[in-house]
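S.K.: requesting a structural model of the entry that follows:
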Amino acid sequence: MSEAKRSGTRRDYPVKGGQYIGGNVVVMLAAGLAVGLASAAPGDSCAGVSSLGIDNRHGVDGESRIGVEVGEHKFQNSGDIINASVGSDAFFADEHSVSLDSATNTRPKAGVITQVDDDGVWVWLGIQ
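M.R.: This next block holds a predicted model:
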């Protein structure tokens with residue numbers, strides 16, 4: 001039996017029924033199904049950023065799949081992330097910004113902070 005191997009940054013996940021997920025937006029996994037950030041719960045996992053949008057508003061769970069890109073993505077700093085924060089977990093304050101604060105575990109985890117710039121924060125997104 002040969003062992004499968006994959007390299008690269010693209011993943012595909014089944015989409016939850018009733019969901020519309022736009023292109024170039026954060027995609028979360030809720031019980032293994034892709035949802036938009038607005039539909040995510042604090043314990044859901046960040047899958048990455050969508051390559052293209054998908055409309056599964058009239059479909060059932062898993063009827064459609066969405067491609068995501070994992071890796072480093074840049075977000076706005078909500079104001080509490082500093083250079084010493086590199087290596088710490090970041091949480092989505094909204095779909096465009098991240099924070100160190102989980103807001104008492106009510107915000108979904110974005111990923112790990114890899115770099116802090118004057119104009120934003122680089123965060124590693126995706127299932128590893």
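
S.K.: list of residues touching stretch 120-128?
M.R.: Counting by C-beta atoms under 8 Å, 6 or more residues apart in numbering, stretch 120-128 makes contact with 9, 11, 26, 29, 45-49, 68-77, 81, 85, 90, 98, 110-116, all of which sit outside it. From N, CA and C alone the C-beta is placed, and that goes for glycine too.

S.K.: which of these are buried?
M.R.: Buried residues within the contacts of stretch 120-128, defined by neighbour count using 16 or more other C-beta atoms under 10 Å: 11, 26, 29, 45-49, 68-71, 73, 75, 77, 81, 85, 90, 98, 110-114.

S.K.: surely H73 is within a strand?
M.R.: Yes. Using DSSP: H, G, I helix; E, B strand; the rest coil, the secondary structure at H73 is a strand.

S.K.: wait, it sits on A47?
M.R.: No. Using C-beta atoms under 8 Å as the test, H73 is too far from A47 to be in contact (11.9 Å).

S.K.: sheet partners, orientation included, of the longest strand seen in the chain?
M.R.: When secondary structure is assigned using DSSP state E, the longest strand within the chain turns out to be strand 109-117. For strand 109-117, the paired strands and their directions (DSSP bridges) are strand 89-92 (antiparallel), strand 120-125 (antiparallel).
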